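Engineer: sequence below, structure please.
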Amino acid sequence: TFQIQNPVTGAVYTWYSAATGGTPLTTGTSFSPTNITGPTTYYVSANLNGCDIAQRVSVSAFIKPAIIAPVAVADSVGVRAVKFTWAAVANALGYQVSTDNGATWITPSSGTNGLSHIVSGLNPSQQVSLIVRALGECQNMNSQAVSATTYTDVVFVPNSFTPNGDGTNDVLKVYGNEIKTLRFLVFNQWGQKVFETTNVQGGWDGKQDGKLQPSGVYMYVATIGLLSGEEITKKGSVNLIR
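Structural biologist: Coordinates of the predicted model:
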């Protein structure tokens, strides 16, 4: 809607689609054009007591593009943080995110025009939800809420494994989501070391120097450095089953 500012009392304001001549579209101190499909210019004249008191003044209308709702996903999950991402929305002016179901909105950790947000400072096994809001010229559009649960920080060593080459449970490993460093040793029933690794992803395949070790009970010791800086030691027995 176009509105005349400080209209003159008694003046008649006439709206046209041409700078000169043409058929009046309407009269009045305001004008609300319809069916606009692109940039359009209108002109308004002022007449007082039968005389024009000003040349026609031009005003322009523009289409502000609509935007669609973004689609957010949990891109990666850790023990104490979750990274959410979303695809760019055409014509969006920027983005905001909310972790309290839309009660408050903040700038994404990747910036106003970024396409990701990291929620940090979480606890293990904690669920967090995120809504992304795409900012438009006329209106904003919100994504559906997407949720993720952080991993547990438990360190786990199986009590048995079956290194028979079937692709299932073939390797004895130390499992955990917060392991930074590792020293993992395995001993046979006579106390002889049959395996050692410092590779966090490493594990024992049931062999020593390339030779299959017999079924039976083996002992392990794992010294584990966590991302938090804590160091723990796990000891126990494991059954090698063929």
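Engineer: buried residues, stretch 94-110. List them.
Structural biologist: 94-99, 105, 108 (16 or more other CB atoms under 10 Å). Heads up, the C-betas are built off the backbone N, CA and C, glycines and all.
Engineer: out of those, which sit inside strands?
Structural biologist: Counting by DSSP state E, the part of the buried residues of stretch 94-110 found in strands is 94-98.
Engineer: list the buried residues in the worst-scoring helix or strand of the chain on mean pLDDT.
Structural biologist: The least trusted helix or strand in the chain, going by mean pLDDT, DSSP states H and E, turns out to be strand 51-61, with a mean of 90. Judged by neighbour count using 16+ other CB under 10 Å, the buried positions of strand 51-61 are 56, 61.
Engineer: and that strand, which strands flank it?
Structural biologist: Paired with strand 51-61 in the same sheet, following DSSP bridges, are strand 40-48 (antiparallel).
Engineer: average pLDDT for the strand it pairs with?
Structural biologist: Computed over strand 40-48, the mean pLDDT rounds to 95.
Engineer: quick one: low-confidence ranges for the protein?
Structural biologist: In the prediction, the chain carries no residues with pLDDT under 70.
Engineer: if you set the cut-off to 80 instead, what comes out?
Structural biologist: 153, 228 (pLDDT under 80).
Engineer: please report how far Ala46 lies from Gln201.
Structural biologist: 80 Å (CB to CB, to the nearest Å).
Engineer: to clarify, my last question referred to Trp15.
Structural biologist: In terms of CB to CB, Trp15 sits 74 Å off from Gln201.
Engineer: between those two, which is the more surrounded one?
Structural biologist: Trp15 (19 against 9; other CB atoms under 10 Å).
Engineer: counting by contacts, list what the strand or helix carrying the more buried one packs against.
Structural biologist: Element membership of Trp15 [criterion: DSSP states H and E] is strand 12-16. Packing partners of strand 12-16 (3 or more CB pairs under 8 Å, 6 or more residues apart in numbering; DSSP states H and E): strand 26-27, strand 40-48.
Engineer: possible to save those as TSV with distance to Val82 and mean neighbour count?
Structural biologist: Listed next are those as TSV, based on distance: least, CB to CB, whole Å; neighbours: other CB atoms under 10 Å:
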stretch	distance to Val82	mean neighbour count
strand 26-27	56	14
strand 40-48	47	17
